[in-house]
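1. let's see this in three dimensions:
(one chain, ligands or ions: 1)
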Amino acid sequence: MINWNNLDTLNAYKKLLSLKGQVNLSQALSASRVKEYQTPMAAGLAYNYAAKEVNEQILSVLAELSAEQQLIEKYQALLDGEVINTGENRKVLHQLSRGQAGKDVFFQGKNLRDFYAGEQKKIADFAASVHSGKIVGSKGDRFASVVQIGIGGSDLGPRAMYLALEQWAQASGKKKMEARFISNVDPDDAVAVASSVELAKTLFILVSKSGTTQETLANELFVKDLLKKAGLDPSKHMIAVTSETSPLANNPGYLASFYMDDFIGGRYSSCSAVGGAVLSLAFGPETFAAFLDGAHAADKSALESDIRKNPALLDALIGVYERNVLGYPSTAILPYSQALSRFPAHLQQADMESNGKQVNRRGEAVRYATGPVIFGEPGTNGQHSFFQLLHQGTDIVPLQFIGFQESQAGADVVVEGSTSQKKLCANLSAQIVAFACGKQDTNPNKNFPGGRPSSLIWGKKLTPEALGALLAHFENKIMFQGFVWNLNSFDQEGVQLGKVLTKKVLSGDMDPALKAYAEIFGL
Ligand SMILES: O=P(O)(O)OC[C@H]1O[C@H](O)[C@H](O)[C@@H](O)[C@@H]1O
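-> As a prediction, the model looks like this:
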């Protein structure tokens, strides 16, 4: 029997509050702790939490919290197809799009694992036909580029994953097609992307789960207009990815259509047809399959009930301790990997759209902090930008570093006795210790207080499997945190009001304040 309780009703939470400030990070951090406070992740990655403000006692109360809030049972129920998205009365099945970690899940007599796998197979066959030249553009040209049109979850995850594997694919001979993305309704986005490709050799992927998103539909027509003006037949240059119930479904105006469903939230859709189409076209279906394998392995590891052996659960619980006990308002995602340049942007949506909520699953106000603000940039770039505040600002911002021993492309240069990859990893190591330990100085302006916590996810190299595991780690972390806070992490009502008011502006039905702003733009 599962109980959905608010965090502040739990005994373990009350205990946890009494453990505030037990750890002095600059004193606690030691070589043995760096070795000991680490747990293996899927696909050869590891989660290191030596520089977090936790100790054995805090970790054992976090384990009690996990048991009392039934985090693993709730995850298992989600995998088994229970209606976890209560606000929209939906199952939550993104994990099923990358393998079976729970029971078979059926909806209206359809086995949904077979449905997701079937769409993946259809995409693989379609991609093979494009790569072999069996399917060509309307003037007979082979397709060389693919442009995804979508926004939010239909853009951020797939774009971040594409960029994450581009150099790896190039170096390993897996790159089949160039991919670009159009998301913004700002016409300059579509113009810039369209002018960077040869339209006759470009396949567009229209991606919208709902099939109703204003920006995406506007960009579809924008692109179709450009295709027509170039003398090309849009129906031979565009495929669609949508849900079977959307207005875009079953439209013969697309070269092909691939489907996902309402049980996969937009921000969790990278492993469905939403990410599958672009990644399979760009890097081949086998690369996408390897990415799914890594994600599935991470999903399985998230079922472990010992928090010390479950990196996603541990990461989630430490985050709750930082947010609700230590009161830290935000978290920075800092990948020391250029390939992950858009990964923080993806996590902004994944985390903040999921856990940026003020009411619980039953719609009652909660009396504790929920999801933190998420932001980030790759290192070392961030060091020359916002790290000043992170080191010496008045807020403490927990940091999630990500790093790899090897680069993806392998090409490197030795300058002043070290390679660039070595410099990158040296910077990462240095930052963790600088944040944790600080440095005393008699000049207050040069004083580093330290005591600034971070975790490190690391691996040998960012491969498709490692990327899948990394993505699933964060998705599962967000899910566990939502369970701790007793939220529905799978709806996003907070994005609706702006859409309604936008329609009012465009239809001329405005209140005075709205009208005043609209007038600034001559509307
Ligand atoms: O895929 P679509 O239905 O076009 O939705 C695209 C995006 O827009 C919405 O406003 C939501 O905030 C996102 O969660 C979603 O990913």
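2. just the terminal-to-terminal distance for stretch 487-498.
-> Using C-alpha to C-alpha, to the nearest Å, the span of stretch 487-498 from its first residue to its last is 22 Å.
3. and stretch 314-326, by the same measure?
-> 16 Å.
4. list the buried residues of it.
-> Of the residues in stretch 314-326, 314-325 count as buried by neighbour count, 16 or more other C-beta atoms under 10 Å. (C-beta placed from N, C-alpha, C; glycine too.)
5. around the ligand, which positions in this protein sit nearby?
-> Contacts of the chain with the ligand, taken as C-beta under 6 Å from any ligand atom, map to 151-154, 208-210, 213, 216, 266-267, 353, 492, 495.
6. follow-up on the earlier one: among the buried residues of stretch 314-326, which lie within helices?
-> Counting by DSSP state H, the part of the buried residues of stretch 314-326 found in helices is 314-320.
7. of those residues, closest to Cys437?
-> Ile318 (18.9 Å; C-beta to C-beta).
8. give me every residue that touches that closest one.
-> With contact set as C-beta atoms under 8 Å, 6 or more residues apart in numbering, Ile318 has these partners: 49, 52, 54, 62, 455.
9. tell me the two of the residues you listed that are most distant?
-> For the contacts of Ile318, the farthest-apart pair by C-beta to C-beta is Leu62 and Ser455; their separation is 13.9 Å.
10. ok, and the closest non-adjacent residue to Ile36?
-> Just to correct that, residue 36 is Glu rather than Ile. Ala50 (7.4 Å; C-beta to C-beta, 6 or more residues apart in numbering).
11. count the residues that sit near that neighbour.
-> If you count neighbours by other C-beta atoms under 10 Å, Ala50 ends up with 22.
12. you'd agree Ile205 is in a strand?
-> Yes - assignment of Ile205 by DSSP: H, G, I helix; E, B strand; the rest coil places it within a strand.
13. could you list everything it pairs with in the sheet?
-> Gln148, Ile239 (DSSP bridges).
14. who are the contact partners of it?
-> 146-150, 238-241, 277-278, 281.
15. chain center to the helix or strand where Gln348 lies, what's the gap?
-> For Gln348, the element it lies in under DSSP states H and E is helix 343-355. How far helix 343-355 lies from its chain's middle: 6 Å, per C-alpha atoms, centre = their mean, to the nearest Å.
16. same question, stretch 42-58
-> In this view, stretch 42-58 has its centroid 21 Å away from the chain centroid, taken as C-alpha atoms, centre = their mean.
17. any buried residues in that stretch, and which?
-> 42-45, 47-54, 58.
18. distance of Leu25 from Ala316?
-> Separation of Leu25 from Ala316 (C-beta to C-beta, to the nearest Å): 20 Å.
19. related to what we said a few turns ago, which of the contacts of Ile318 lies closest to Val366?
-> Among the contacts of Ile318, Leu62 lies closest to Val366 (C-beta to C-beta), at 19.4 Å.
20. that closest one against Asp315, yeah?
-> No - counting by C-beta atoms under 8 Å, Leu62 sits too far from Asp315 to count as a contact (11.0 Å).
21. which of the residues of the chain next to the ligand tops the neighbour count?
-> Ranked by neighbours (other C-beta under 10 Å), those are led by Ser154, which has 30 neighbours.
22. contacts only, for Ala124.
-> Counting by C-beta under 8 Å, 6+ apart, Ala124 has contacts 280, 285, 288-289.
23. just to revisit the earlier point, closest one of the contacts of Ile318 to the ligand?
-> Distance to the ligand across the contacts of Ile318 (C-beta to the nearest ligand atom) is lowest for Ser455, with 26.6 Å.
24. doesn't the closest one lie inside a helix?
-> No - looking at Ser455 with three-state DSSP, it is strand, so not inside a helix.
25. for it, which non-adjacent residue is spatially closest?
-> Residue nearest to Ser455 in three dimensions, not counting chain neighbours: Tyr49, with 5.0 Å by C-beta to C-beta, 6+ apart.
26. do Gly102 as well
-> Of all residues not flanking Gly102 in the chain, Leu79 sits nearest, at 2.8 Å (C-beta to C-beta, 6+ apart).
27. average pLDDT across whichever strand or helix holds Gln27?
-> According to DSSP H and E, Gln27 maps onto helix 25-28. Averaging pLDDT along helix 25-28 yields 96.
28. ok, and for it, which residues are buried?
-> So for helix 25-28, counting by 16+ other C-beta under 10 Å, buried means 25-26, 28.
29. chain neighbours aside, what residue packs nearest to Ala218?
-> Val185 (5.4 Å).
30. for that neighbour, the count of nearby residues, please.
-> 17.
31. show me what residue of the stretch 401-523 of the chain gets nearest to the ligand.
-> Counting by C-beta to the nearest ligand atom, the stretch 401-523 of the chain gets nearest the ligand through Val495, at 3.9 Å.
32. look up how far Arg267 lies from that residue.
-> 11 Å.
33. swap in Ala345?
-> According to C-beta to C-beta, Ala345 and Arg267 sit 11 Å apart.
34. now do the same for Gly102: helix, strand or coil?
-> Three-state call for Gly102 (three-state DSSP): coil.
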